[in-house]
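In: Here is a sequence with its predicted model. Questions after.
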Amino acid sequence: MSYVIGLRCRECGKQYPQKGVHVCELCFGPLEVEYDYAAMQGKVTRESIEKKDRNLWRYRDLLPCVEPKAGLNSGWTPFKRAHNLEKVLGVKELYIKDDSANYPTWSYKERVVSVAITKAIELGYDTVGCASTGNLANSVAAHAAQAGLKAFVMIPHDLELGKVLGSLIFGPTMVRIQGNYDDVNRLCSEIADKYKWAIVNVNLRPFYTEGAKTFGFEIAEQMGWKLPRHTVVPTAGGTILPKVYKAYQEFIKLGLVEDNHPKIYSAQAAGCNPVVEAIRAGRELIKPQKPKTIAKSIAIGNPADGFYVVQAVKQSGGWGEDATDPEIIDAIKLLAKTEGIWTEPAGGTTLAAAIKLIKSGRIPKDESICVSITGNGLKTVEVVQDALDRPESIPPKLEAFDNFIRDHSNQKDATKADGISAAVIAGAVAATI
Amino acid sequence: MAVKVRIPTPLRTLTNGVDIVELGGANIGELLSDLCNKFAGMDKRLFKQPGELNRFVNVYVNDEDIRFLENLTTPIKDGDDVSIVPAIAGG
């Protein structure tokens, strides 16, 4: 059964029925799905959730869909204790929520797309689309192919090759637009007006964003029905952070977890930090920026939900931090060498920001911390291409091998502060002084 | 002087379904005043208070966000393209 009451404007409160509409016609405020939490009491329980399959739909009572139609194998990604990173950073309890292993296109976007495509089918659309920095396009293309829907993906013209091919392989119509994401985004809003498509992050946005809650639900359940005291989340358009906060609050409201006053922190690239800048300045107003960073997946200079990120961070008692491109690359390498996870620059940004928040004392070293990894490094090989030494080749002779090993062995203990992690930590310290 | 202004779907209930209207003014503020004068109810949709746009209203002049220009005092000239666009989610 569905506990959805309908849609409600977050700004002025006007109510709407469930349909393909994303902004309030009165004030342009974003619409939010409203649930009947009272009716859930005693029915949506730890047991009722644990009985369901291990995918994101195990939280379907808190999602705006009648019957799942997409993403039946998506979600329930690894959540692990990061013992090696704990040693490097000198913290007591650190977790990684790892959506670089999300199915089928290796990013957190499976969550929002599974819900949006299910809703598109429910509402009778035969065509879906998106404005994307890459990951969303990959996910929309894959899920649309599986669901037998037509797909149009609109992306900035200069994306990483892995992200371009990672969509094209599924056969959507791709439109590469000469401009940055914010230009693509604006165009898509006009496209959504003109074409009768389900553009997942435009006219299906209220449903789409709800899917992001499953990232937070999984953290809570996988931690053993507890919440981390501190959760660091990357911010681009501002979808996931407020929804992780909402997920935590919903579980608290339903009595599924204890309220330990979880704090949420926003991570951005220094080359595109409009939200972190607003948090630092104590402003709610987001000043848009022209992005300039290698973290293209989070290079959104005019974040639609930036205001709600600032609000969630403030309400929770969290903070915001940014990372420079070299810090992002160092953090990508650190995560790989300590925890065996290869993330894209968005993940590097989040880890680098977490490190800086720990070093500056914003996040205490003796409390539980969760770092959100939302994308996979295999899609963005370009960013580490020059940061890794590729070895020369040798002839197939044992002597040559012996010589090579003598000169090149670099199997150091990853938990000791080697060149890379020392640089990250030193950089973090330097930046916070 | 006439400038074409693109009206997004949520506001077309006020413009009888018309998606592009021709308006006059020396800057964006004047242009939007003209829009508000021509169509009843527009004022409340666009402005939080006089001189302050609602948080989720974005205005573009020839594809540039007015917040990168001079906000409501951004000058406009004949033939400029102006769009009013609701903010939308990331990707």
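Out: Here it is on my side, so go on. All values reported here derive from a predicted model rather than from experimental measurement.
In: for the record, mean pLDDT for stretch A:75-84?
Out: Stretch A:75-84 carries an average pLDDT of 98.
In: go on, stretch A:294-307?
Out: For stretch A:294-307, mean pLDDT rounds to 93.
In: Just give the number of residues close to residue 55.
Out: Because you didn't say which chain, this covers chain A. 20 (other C-beta atoms under 10 Å in any protein chain shown). To be clear about C-beta, it is placed using only N, CA and C from the backbone, and glycine gets the same treatment.
In: that answer is for a different chain, and I need it for chain B
Out: B:R55 has 18 nearby residues by other C-beta under 10 Å.
In: Contact partners for it?
Out: Going by C-beta atoms under 8 Å, 6 or more residues apart in numbering or on different chains, B:R55 touches A:E11, A:F28, A:G29, A:L285, A:F307, B:K48, B:A87.
In: hmm, try it at 10 Å
Out: A:E11, A:C27, A:F28, A:G29, A:P30, A:E284, A:L285, A:I286, A:G306, A:F307, B:K48, B:A87 (C-beta atoms under 10 Å, 6 or more residues apart in numbering or on different chains).
In: Show me which of those residues are buried.
Out: Buried residues within the contacts of B:R55, defined by neighbour count using 16 or more other C-beta atoms under 10 Å in any protein chain shown: A:E11, A:C27, A:F28, A:G29, A:P30, A:I286, A:G306, A:F307, B:A87.
In: Dump the residues you listed to a markdown table, plus distance to B:N71.
Out: A markdown table is the format used below for the buried ones among the contacts of B:R55 (distance: C-beta to C-beta, whole Å):
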| residue | distance to B:N71 |
| --- | --- |
| A:E11 | 20 |
| A:C27 | 19 |
| A:F28 | 17 |
| A:G29 | 20 |
| A:P30 | 22 |
| A:I286 | 14 |
| A:G306 | 17 |
| A:F307 | 17 |
| B:A87 | 16 |
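In: Where strands are concerned, which of these count?
Out: Nothing among those maps onto strands, per DSSP state E.
In: average pLDDT for stretch B:67-77?
Out: Stretch B:67-77 carries an average pLDDT of 92.
In: mind listing what's buried in that stretch?
Out: Within stretch B:67-77, the residues that qualify as buried are B:R67, B:F68, B:L69, B:N71, B:L72, B:T74, B:I76, counting by 16+ other C-beta under 10 Å.
In: and if you look at stretch A:305-315?
Out: By 16+ other C-beta under 10 Å, the buried positions in stretch A:305-315 come out as A:D305, A:G306, A:F307, A:Y308, A:V309, A:V310, A:Q311, A:A312, A:V313.
In: Hmm, A:I155 is touching A:L165, no?
Out: No - counting by C-beta atoms under 10 Å, A:I155 stays clear of A:L165, with 11.9 Å between them.
In: what's the overlap in contacts for these two?
Out: Counting by C-beta under 10 Å, 6+ apart, the common neighbours of A:I155 and A:L165 are A:N138.
In: And for A:A353, nearest residue in space, chain neighbours not counted?
Out: Using C-beta to C-beta, 6 or more residues apart in numbering or on different chains and skipping residues adjacent in sequence, the residue nearest A:A353 is A:A267, 3.4 Å away.
In: What distance do you get for that neighbour to B:N37?
Out: Per C-beta to C-beta, to the nearest Å, A:A267 is found 45 Å from B:N37.
In: Do you have the helices of the stretch 51-200 of chain A handy? List them.
Out: A:83-89, A:109-122, A:135-147, A:161-168, A:181-194 (DSSP state H, counting those that start in this stretch).
In: helices or strands up against the shortest one?
Out: Going back to what we said before, that points to helix A:83-89. Helices and strands touching helix A:83-89, by 3 or more C-beta pairs under 10 Å, 6 or more residues apart in numbering or on different chains; DSSP states H and E, are strand A:93-98, helix A:325-339, helix A:345-359, strand A:368-373, helix A:419-432.
In: wait, doesn't A:E392 sit right on A:F404?
Out: Yes - using C-beta under 10 Å, A:E392 makes contact with A:F404 at a distance of 8.5 Å.
In: Please identify which of those two sits among more neighbours.
Out: It is A:F404, of A:E392 and A:F404, that has more neighbours when counted by other C-beta under 10 Å, with 14 against 7.
In: any idea which helix or strand carries the more buried one?
Out: Element membership for A:F404, per DSSP states H and E: helix A:398-408.
In: and that helix, which residues are buried?
Out: So helix A:398-408, judged by 16+ other C-beta under 10 Å, has zero buried residues.
In: Over to stretch A:380-398?
Out: Neighbour count says stretch A:380-398 has A:T380, A:V383, A:V384 buried, by 16+ other C-beta under 10 Å.
In: measure the first one to A:I332 for me?
Out: Relative to A:I332, A:T380 is positioned 9 Å away (criterion: C-beta to C-beta).
In: B:G17 now?
Out: For B:G17, the distance to A:I332 - C-beta to C-beta - is 50 Å.
In: Neighbour count: these two, which is higher?
Out: A count of neighbours by other C-beta under 10 Å puts A:I332 above the other of B:G17 and A:I332, at 29 against 9.
In: any idea how far the more buried one lies from A:T338?
Out: 11 Å.
In: Dump the buried residues of stretch B:67-77 to JSON lines, plus distance to A:G271.
Out: Formatted as JSON lines, these follow (distance: C-beta to C-beta, whole Å):
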{"residue": "B:R67", "distance to A:G271": "18"}
{"residue": "B:F68", "distance to A:G271": "16"}
{"residue": "B:L69", "distance to A:G271": "22"}
{"residue": "B:N71", "distance to A:G271": "24"}
{"residue": "B:L72", "distance to A:G271": "28"}
{"residue": "B:T74", "distance to A:G271": "26"}
{"residue": "B:I76", "distance to A:G271": "31"}
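In: Of those, just say which sits nearest to chain A.
Out: Comparing those against chain A with C-beta to the nearest C-beta places B:R67 closest, at 5.3 Å.
In: Grab the nearest non-local neighbour of that closest one.
Out: Closest to B:R67 by C-beta to C-beta, 6+ apart is A:P288, at 5.3 Å.
In: how about low-confidence regions in chain B?
Out: The model of chain B has pLDDT under 70 over residues B:1, B:88-91.
In: which parts of it sit against chain A?
Out: Applying C-beta under 10 Å from any C-beta of the partner chain, we find that chain B lies next to chain A at B:6-14, B:19, B:41, B:44-46, B:48, B:53-58, B:60, B:63-65, B:67-68, B:83-91.
In: From the residues you listed, which land in helices?
Out: Among the residues of chain B next to chain A, DSSP state H puts B:T9, B:P10, B:L11, B:R12, B:K44, B:R45, B:L46 in helices.
In: do you know how far A:S372 is from chain B?
Out: Distance of A:S372 to chain B, computed by C-beta to the nearest C-beta, to the nearest Å: 15 Å.
In: re earlier: for the helices of the stretch 51-200 of chain A, which one sits closest to A:G6?
Out: Closest to A:G6 of those is helix A:109-122 (C-beta to C-beta; 13.6 Å).
In: can you state the direction angle for that closest one and helix A:135-147?
Out: 50 degrees (axes from the mean of the first three to the mean of the last three C-alpha atoms, to 10 degrees).
In: got the CA positions of helix A:109-122 in CSV?
Out: Written as CSV, here are the backbone C-alpha positions of helix A:109-122 (Å, rounded to 0.1, in the frame of the first residue of the first chain):
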residue,chain,number,x,y,z
LYS,A,109,21.9,7.9,-9.1
GLU,A,110,20.4,4.4,-9.4
ARG,A,111,18.4,5.4,-6.3
VAL,A,112,16.7,8.5,-7.7
VAL,A,113,16.3,7.0,-11.2
SER,A,114,14.7,3.8,-9.9
VAL,A,115,12.0,5.8,-8.3
ALA,A,116,11.6,8.3,-11.1
ILE,A,117,11.3,5.7,-13.8
THR,A,118,8.8,3.7,-11.8
LYS,A,119,6.8,6.9,-11.4
ALA,A,120,7.1,7.7,-15.1
ILE,A,121,5.6,4.3,-15.9
GLU,A,122,2.9,4.8,-13.3
